[in-house]
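> Generate coordinates for the sequence data below:
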Amino acid sequence: MTSADHEPDAGRPIDHFDVAQLVEPYMPAGQGISNFVLFEYRFAALVWLHRTVATALDAEVGRLLTIRRSGVHRIPGWAGESDMTLDDSMGLLQYDAAPISAGAIVAGCCSALESLLTYLPSAGQDVARGGLLRKVRALVELLPDRADADLVIDNARWLAERRNSFAHRLLDEGGLWDKAPGATSFTFDDELVEESFARLGEIAGILAARYEAYSSGADGRDESP
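Take a look at the predicted model:
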C-alpha cells in the first residue's frame, strides 16, 4: 500500500468542520456505528492538524527563503553571520519542527486507534490496560476472514513500530535504542504521515465493515468458567 492510493483531492476546499471530507480519502465515514463516531472525529482532527501545520511550515520556510534571496537580513559587516542565523532558523523548521510534527501525528494515530479498540468487542480478554497490539490481536480473533485479520495486524504493527521509534528516540540516531535487536530508524515526513493515515483508515474501515459479525461473535461466546 502507498499513500498515493489515498491521495486527497487537492482541488476540494477543506471545510474544517466537515469530518467526512477529511477522513473519506482514507476510510468510509458516517456509517452510523456509535463506537466509530468519536474515532472519526479524532481522525479528522489529526488530518486537519497535519495539513494545517504542514501549510504553516511551508509558508514560513518560503518567507525565510525570500528574505535570504533578497539579502535584507544582512547586517553590514556581519553578512556571513546574518546568513548563518537565518539558515539556522530554516533548519529548525525543516529538520526539527517538520519531522517532530509528523512523528506526533503518527503517535496520535496510534492513540486514536487504541482508544477505539478499547471500546470494541474483544475475544473475552481483559485488554483495557493492554497495549495497542495486544488489543488488536484480541479483537482480530473474532474476525471471520483471516485475510482481514492479517491486514489489521500488519497495519497496526507498522504504526506501532514507528510510534515506538519516535517515542524513544525522537529524531536522534545512535544510542541505546539503536542497539536494541531489530531496531530501525524512520524518516518522519509528509509521505510517512500519509501512509499512516492510509493504514489507520484501512484498519478502521475493516473493523467498521465487519462490526456486526465480530460483535455478534463476542455477544454469543460462552463466558462460563
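> The residue of the chain most remote from its centre: what's it in contact with?
Distance to the chain centre peaks in the chain at residue 77, reaching 46.7 Å (criterion: Cα atoms, centre = their mean). Under the criterion of Cβ atoms under 8 Å, 6 or more residues apart in numbering, residue 77 has no neighbours. All C-beta atoms are positioned from the backbone trio N, CA, C, and that covers glycine.
> Over to residue 107?
163, 166-167.
> can I get these in TSV with pLDDT, neighbour count and distance to residue 116?
Output for the contacts of residue 107, formatted as TSV (pLDDT from 0 to 100; neighbours: other Cβ atoms under 10 Å; distance: Cβ to Cβ, whole Å):
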residue	pLDDT	neighbour count	distance to residue 116
163	95	21	15
166	91	23	20
167	88	13	20
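> Distance of the most centrally placed residue in the chain relative to residue 190?
Geometric centre of the chain, nearest residue: residue 106, 3.1 Å, by Cα atoms, centre = their mean. Distance of residue 106 to residue 190, computed by Cβ to Cβ, to the nearest Å: 12 Å.
> now do residue 62
16 Å.
> More neighbours: which of those two?
Shown here are residue 62 and residue 190; by other Cβ atoms under 10 Å, residue 190 has more neighbours (18 against 10).
> Count the neighbours of the nearest residue to that one once chain neighbours are set aside for me.
Among residues not flanking residue 190 along the chain, residue 54 sits closest, at 6.1 Å (Cβ to Cβ, 6 or more residues apart in numbering). The number of residues packed near residue 54 is 17, by other Cβ under 10 Å.
> What's the separation between residue 54 and residue 94?
From residue 54 to residue 94 the distance is 12 Å (Cβ to Cβ).
> residues of the longest helix that the chain contains that come out buried?
Looking across the chain with DSSP state H, the single longest helix is helix 34-70. In terms of neighbour count (16 or more other Cβ atoms under 10 Å), helix 34-70 has its buried residues at 35-36, 39-40, 42-48, 50-51, 53-54, 57, 61, 64, 68.
> Which neighbouring elements make contact with that helix?
helix 19-23, helix 79-92, helix 98-118, helix 190-209 (3 or more Cβ pairs under 8 Å, 6 or more residues apart in numbering; DSSP states H and E).
> With only the CA atoms kept, save the longest one in CSV.
What it means is helix 98-118. Output in CSV follows, covering the C-alpha atoms of helix 98-118 (Å, rounded to 0.1, in the frame of the first residue of the first chain):
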residue,chain,number,x,y,z
ALA,A,98,8.5,19.3,10.5
PRO,A,99,9.6,15.7,11.5
ILE,A,100,8.6,16.3,15.1
SER,A,101,5.1,17.3,13.9
ALA,A,102,5.0,14.2,11.6
GLY,A,103,6.0,11.9,14.5
ALA,A,104,3.4,13.4,16.8
ILE,A,105,0.7,12.8,14.2
VAL,A,106,1.8,9.1,13.9
ALA,A,107,1.7,8.8,17.7
GLY,A,108,-1.8,10.4,17.6
CYS,A,109,-2.9,7.8,15.1
CYS,A,110,-1.9,5.0,17.4
SER,A,111,-3.6,6.6,20.3
ALA,A,112,-6.8,7.1,18.4
LEU,A,113,-6.8,3.5,17.2
GLU,A,114,-6.1,2.2,20.7
SER,A,115,-8.9,4.3,22.1
LEU,A,116,-11.3,2.8,19.5
LEU,A,117,-10.2,-0.7,20.2
THR,A,118,-10.7,-0.3,24.0
